[in-house]
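Trainee: quick one, structure for this:
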Amino acid sequence: RCMVKIVHLDFDAERPSLGDDERWLFVEQSEEGLFYGSGGSWKPSGEWVGYGSLAENDTDLDRAITAARKWADRYDVPTIWVFASNCD
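Mentor: Model prediction:
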């Protein structure tokens with residue numbers, strides 16, 4: 001099993017063009033500074049499964065990525081696309 005790749009892009013960058021059969025997961029910074037995760041994949045049975053972040057993980061980028069990575073590992077999502085400001 002491969003490790004999940006994290007790709008950081010500026011929060012207003014263009015979203016990757018993904019096909020309908022691709023697994024995906026985005027973590028996106030809101031104007032309020034929260035970090036919402038959403039994604040889609042398939043269970044081994046072929047059933048589609050979606051990801052929506054929990055409010056307790058939306059308050060911090062590291063927490064949002066950690067939660068997203070756990071889900072991505074479980075459902076074989078190869079890349080998490082992170083859209084956040086580059087301010088430190």
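
Trainee: what's the burial count for Trp71?
Mentor: 20 (other C-beta atoms under 10 Å). To be clear about C-beta, it is placed using only N, CA and C from the backbone, and glycine gets the same treatment.

Trainee: that one - nearest residue in space that isn't next to it in sequence?
Mentor: Tyr51 (5.0 Å; C-beta to C-beta, 6 or more residues apart in numbering).

Trainee: quick check: which element contains the one you found?
Mentor: Taking DSSP states H and E as the criterion, Tyr51 maps to strand 48-52.

Trainee: and the helix or strand following that strand, what does it pack against?
Mentor: Once strand 48-52 ends, the next helix or strand along the chain (criterion: DSSP H and E) is helix 61-74. With contacts taken as 3 or more C-beta pairs under 8 Å, 6 or more residues apart in numbering; DSSP states H and E, helix 61-74 sits against strand 24-29, strand 35-42, strand 79-83.

Trainee: ok, now with 6 Å
Mentor: Contacts defined by 3 or more C-beta pairs under 6 Å, 6 or more residues apart in numbering; DSSP states H and E place helix 61-74 against strand 24-29, strand 35-42.

Trainee: before I go, just wanted to say thanks for your time.
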